[in-house]
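In: Quick check, what structure comes out for this input:
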Amino acid sequence: MKVYLIRHARTRDAEDLLTQRHVTPIVVDSETLDKVEQVKNKIGEVDFVFCSPLQRAKETADLVFGKGNYKILDFIEEYGTPKEIIGKPRKFATDFWEVKHKKDKMDINWTPAGGESFASIANRVERLYQFLLKEKKFKKYQKIAIVGHGTFFRHFLLRVSDVPWTKYAQLIFDVLRKLKWDNLQVVEVEI
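Out: Below you'll find the model as predicted:
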């Protein structure tokens, strides 16, 4: 089964270079609308669409697939952002991860205040993976789309690649975080 991972459209917070909140809306401008058309052309018709419950993902899914033409899956929500960095400039968030918690972040069980551990994200990623295997087996879907979030999708790529979850933190910070995943960019994987 082909799975199209679609990162949500650009948001107001991202435009202002702030760490995103769960309620931030997307920017609907000509650039966004052009990218929506590119996504539609790239993936064509799909059997089903799943979406994160966060506003930016739902607004994106509405633009790409039509209002409400998707099923919300609460476990594909973006990673639990530490409350200390929400709404703060990116430099603040970078210092949080690269200076203040440089050692902590490599512990897969470390949970920042108001945030989420890598182990927790890995559990949600596994839940999505098992869900998709069942969808493939019982519903015989050939092509599905998921509208969600870059960080969660990076973790999902590790799972699809059979990387042990104990290696997630190291690979996320050393490799995958450096890979550019633009808003409305589509990554195709096979399940």
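In: Let me know the average pLDDT across the longest helix along the chain.
Out: Counting residues, the longest helix found in the chain (DSSP state H) is helix 118-139. Helix 118-139 shows an average pLDDT of 95 in the prediction.
In: and if you look at stretch 96-110?
Out: Rounded mean pLDDT across stretch 96-110 is 93.
In: which residues make contact with it from outside it?
Out: 82, 84-85, 112, 117-119, 122, 165-166, 168-170, 173 (Cβ atoms under 8 Å, 6 or more residues apart in numbering). Placement of C-beta: from N, CA and C, glycine included.
In: mind redoing it with 10 Å?
Out: Here stretch 96-110 makes contact (Cβ atoms under 10 Å, 6 or more residues apart in numbering) with 19, 82, 84-85, 88, 92, 95, 111-112, 115, 117-122, 165-170, 172-174, 177.
In: Dump it to CSV, restricted to CA.
Out: Output of stretch 96-110 as CSV, limited to C-alpha atoms (Å, rounded to 0.1, in the frame of the first residue of the first chain):
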residue,chain,number,x,y,z
PHE,A,96,16.4,24.6,24.6
TRP,A,97,17.4,21.5,22.7
GLU,A,98,21.0,22.1,21.8
VAL,A,99,22.2,23.8,25.0
LYS,A,100,19.9,23.5,28.0
HIS,A,101,18.9,19.9,27.3
LYS,A,102,21.6,18.6,25.1
LYS,A,103,22.2,15.5,27.2
ASP,A,104,18.6,15.0,28.3
LYS,A,105,17.2,14.9,24.7
MET,A,106,19.2,11.7,24.0
ASP,A,107,17.4,9.8,26.7
ILE,A,108,14.4,8.3,25.0
ASN,A,109,12.5,8.3,28.3
TRP,A,110,13.2,11.9,29.2
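In: what's near enough to touch the spatially most central residue of the chain?
Out: In the chain, the centroid-proximal residue (Cα atoms, centre = their mean) is residue 149; its distance is 1.9 Å. For residue 149, the contacting residues are 5, 7-8, 20, 52, 54, 56-57, 76-79, 155-156, 181, by Cβ under 10 Å, 6+ apart.
In: which strands and helices sit next to the helix or strand bottoming out on mean pLDDT in the chain?
Out: Lowest by mean pLDDT, DSSP states H and E among the helices and strands of the chain is helix 12-15, with a mean of 72. Using 3 or more Cβ pairs under 10 Å, 6 or more residues apart in numbering; DSSP states H and E, the elements in contact with helix 12-15 are helix 55-65.
In: Just the ones of the contacts of stretch 96-110 in helices?
Out: Secondary structure assignment (DSSP H) places 92, 95, 118-122, 168-170, 172-174 from the contacts of stretch 96-110 within helices.
In: Mind picking the one among those residues that's closest to residue 70?
Out: Relative to residue 70, the closest of the ones in helices among the contacts of stretch 96-110 is residue 121; by Cβ to Cβ it sits at 21.9 Å.
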